[in-house]
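1. Generate a structure from the sequence data that follows.
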Amino acid sequence: MARTRHAVVIGGGIGGLTAAAALHLSGARVTVLERAPSLRPVGAAISLSPNALRALDVIGLGDEIRDLAAWQGDGGLRTPRGRWISRSDAEAAAARFGGPLVLLHRATLVDLLAAGLPPGTVRTGLAATLADPGDRDRPARVRTPDGELEADLVVAADGIHSAVRRTLFPGHPGPVYSGFTTWRLVIPLPGVEFASHETWGRGRIWGTHPLKDGRVYAYAAAVTPAGGHAADERAELLHRYGDWHQPVPALLAAARPEDVLRHDVHHLAEPLPACHRGRTALVGDAAHAMPPTLGQGGNQAIEDAVVLAHHQDDLAAYTAARLPRTTAITRQAVRVARLNMSRSRAVVAVRDTVIGALSRTGPALVLRGFDGIADWRPPQAPYASQRTRAGER
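-> Presented below is the predicted three-dimensional model:
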């Protein structure tokens, strides 16, 4: 009788839990180690594009998420005074990429991923370190306060400041500051009508999007020195964005200081030499942290997870499948960040004019920037029916 493979996942975020679910469905015995006392993520939403939804189809969750999430795409890009630079079309995006772009709370996705795992799979409040990445002739070893675990495969999903990445590639310089910080909040905003939008100013952006449960997800980003924090982050947002178009002032009026999360943005400017070493593989931000300007950070972690499950017996194939793709997407996200976070009046004027002109020719030219990203398909067949056609909400 063949021995069941044991996979140890370090990190219980979206990438780690997706990997755990995909490996469990492949027949592996999985242990997830999360250092936080619970799996509850930060209070923010996640945008899932068609590529990630097709990856979630592989583990049977795609259709459920499509049902729970709000479709994105009807809205567009605005100036701080409210003028529309371009308008977007959800149906056109879904038709081009074979499915919708959706938005839901991160906690909802985490709960769905964790619910599909056997009881006892996830162990919280337990820090883990990689003691030995393993190789063909010996298992990997993960050290915890409760002792060591041997694994046929270790999945490092321990985030942007990954300790496992430093162990595997000690000569790599690690993440660099992207030049801007972000704020995020999810709150109810009853009685306020608005169209989903992202607004670009000089060195500042703001986005407001409705969730299906009636709450509103908003995010902001501004060019600022690293490490800054305000005593009251809501007041900081009022200072920076309080005179922007509605619904920004209304949303800030409804928010409490404790509703606002602030995080500096970092990315891996230098790609890793590989996404694995020995029996240990990196996924998500541990492998390819990127600015959020394409909305692909979590989406690429989900892709990583299902591709890793497919190539779990050949990690060189996993690296070959993921490293070129994630490197290219990271570089594109950095280029977009330079554009939408520019503080130059001249650059901003040209940027807005060009985007407006492209938008007037039709949605196809604007959407072209996501060709090769949102139309990706996983190597496995789905477990679900994939109700992805435009119009099936």
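
2. low-confidence ranges in this protein?
-> 1-2, 363-365, 383-393 (pLDDT under 70).

3. what ranges do the helices span in it?
-> Using DSSP state H, the helices of the chain run over 14-25, 50-58, 62-68, 90-97, 106-115, 163-168, 233-241, 248-254, 285-288, 297-310, 315-340, 345-360, 363-367.

4. Save those helices as TSV, and put in distance to Thr79 too.
-> (Each C-beta comes from the backbone N, C-alpha and C, glycine too.) Formatted as TSV, these follow (distance: least, Cβ to Cβ, whole Å):
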stretch	distance to Thr79
helix 14-25	33
helix 50-58	29
helix 62-68	32
helix 90-97	22
helix 106-115	29
helix 163-168	40
helix 233-241	13
helix 248-254	12
helix 285-288	32
helix 297-310	26
helix 315-340	12
helix 345-360	7
helix 363-367	17
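
5. Ok, which of the ones you listed comes nearest Ser178?
-> Nearest to Ser178 among the helices of the chain is helix 315-340; the distance by Cβ to Cβ comes to 6.2 Å.

6. Buried residues, the closest one. List them.
-> 315, 317-319, 321-323, 325-327, 329-330, 332-334, 337, 340 (16 or more other Cβ atoms under 10 Å).

7. and if you look at stretch 230-239?
-> For stretch 230-239, burial by neighbour count (16+ other Cβ under 10 Å) applies to 233-234, 236-238.

8. for stretch 122-131, same thing?
-> By 16+ other Cβ under 10 Å, the buried positions in stretch 122-131 come out as 122, 126, 128, 130-131.

9. quick one: it to chain centroid distance?
-> Its chain's average C-alpha position is 22 Å from that of stretch 122-131, according to Cα atoms, centre = their mean, to the nearest Å.

10. What lies in contact with that stretch?
-> Taking Cβ atoms under 8 Å, 6 or more residues apart in numbering as the criterion, the residues outside stretch 122-131 that touch it are 8, 10, 12, 17, 20, 31-39, 114, 140-146, 148, 154, 156, 163-164, 167-168, 280.

11. Are any of those buried, and if so which?
-> 8, 10, 12, 17, 20, 31-34, 39, 114, 140-142, 144, 154, 156, 163-164, 167-168, 280.

12. neighbours of the closest residue in space to Leu61 that isn't next to it in sequence, just the number please.
-> Excluding its sequence neighbours, the residue lying closest to Leu61 (Cβ to Cβ, 6 or more residues apart in numbering) is Leu112, at 5.6 Å. By the criterion of other Cβ atoms under 10 Å, Leu112 has 19 neighbours.

13. center of this protein - which residue?
-> Nearest residue to the geometric centre of the chain (Cα atoms, centre = their mean): Gly298, 1.9 Å.

14. Look up how far Leu238 lies from that one.
-> 28 Å (Cβ to Cβ, to the nearest Å).

15. same question, Gly207
-> Distance of Gly207 to Leu238, given as Cβ to Cβ: 17 Å.

16. what number of residues lie near Arg345?
-> By other Cβ under 10 Å, the residues close to Arg345 number 9.

17. my guess is it contacts Arg351, does it?
-> No. Under the criterion of Cβ atoms under 8 Å, Arg345 makes no contact with Arg351, lying 10.6 Å away.

18. need the contact list for Ala114.
-> Counting by Cβ under 8 Å, 6+ apart, the residues that Ala114 touches are 12, 17, 39, 122.

19. how close does the third one sit to Val248?
-> Distance, Leu39 to Val248, using Cβ to Cβ: 32 Å.

20. Could you do the second one as well?
-> Leu17 is 33 Å from Val248, where distance means Cβ to Cβ.

21. what do you get for Gly284?
-> Distance of Gly284 to Val248, given as Cβ to Cβ: 31 Å.

22. my read: Ala21 touches Gly116, true?
-> Yes. Because the distance of 5.2 Å satisfies Cβ under 8 Å, Ala21 is recorded as touching Gly116.

23. Find the residues that touch each one of the two.
-> Common neighbours of Ala21 and Gly116 (Cβ under 8 Å, 6+ apart) are 59, 61.

24. Pick out whichever of these two has more residues nearby.
-> Per other Cβ under 10 Å, whichever of Ala21 and Gly116 has more neighbours is Ala21, with 27 against 15.

25. check contacts around that one.
-> Counting by Cβ under 8 Å, 6+ apart, Ala21 makes contact with 59, 61, 113, 116-117, 305.

26. Now, of those residues, which are buried?
-> The neighbour-count test (16+ other Cβ under 10 Å) marks 59, 61, 113, 117, 305 as buried among these.

27. Export these as CSV, with columns for distance to His276.
-> Shown next, in CSV, are those (distance: Cβ to Cβ, whole Å):
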residue, distance to His276
Ile59, 21
Leu61, 25
Leu113, 22
Leu117, 23
Ala305, 14
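
28. Quickly check those for the two that are furthest apart.
-> Leu117 and Ala305 (12.9 Å).

29. ok, back up a step: looking at the buried residues of stretch 230-239, spot the one nearest Pro257.
-> Arg234 (4.5 Å).

30. Would you check how far apart the closest one and His267 are?
-> Distance, Arg234 to His267, using Cβ to Cβ: 27 Å.

31. for Arg240, same thing?
-> According to Cβ to Cβ, Arg240 and His267 sit 22 Å apart.

32. So which of those two has more stuff around it?
-> More neighbours surround His267 than the other of Arg240 and His267, with 23 against 18 (other Cβ under 10 Å).

33. Ends of stretch 192-209, what's the gap?
-> One end of stretch 192-209 sits 12 Å from the other (Cα to Cα, to the nearest Å).

34. can you pull the buried residues of it?
-> Buried residues in stretch 192-209 (16+ other Cβ under 10 Å): 194, 196-201, 203-209.

35. quick check, distance from stretch 44-57 to the centre of its chain.
-> The answer for stretch 44-57 is 9 Å, by Cα atoms, centre = their mean.

36. can you check stretch 128-144 too?
-> Chain-centre distance of stretch 128-144: 27 Å, with Cα atoms, centre = their mean.
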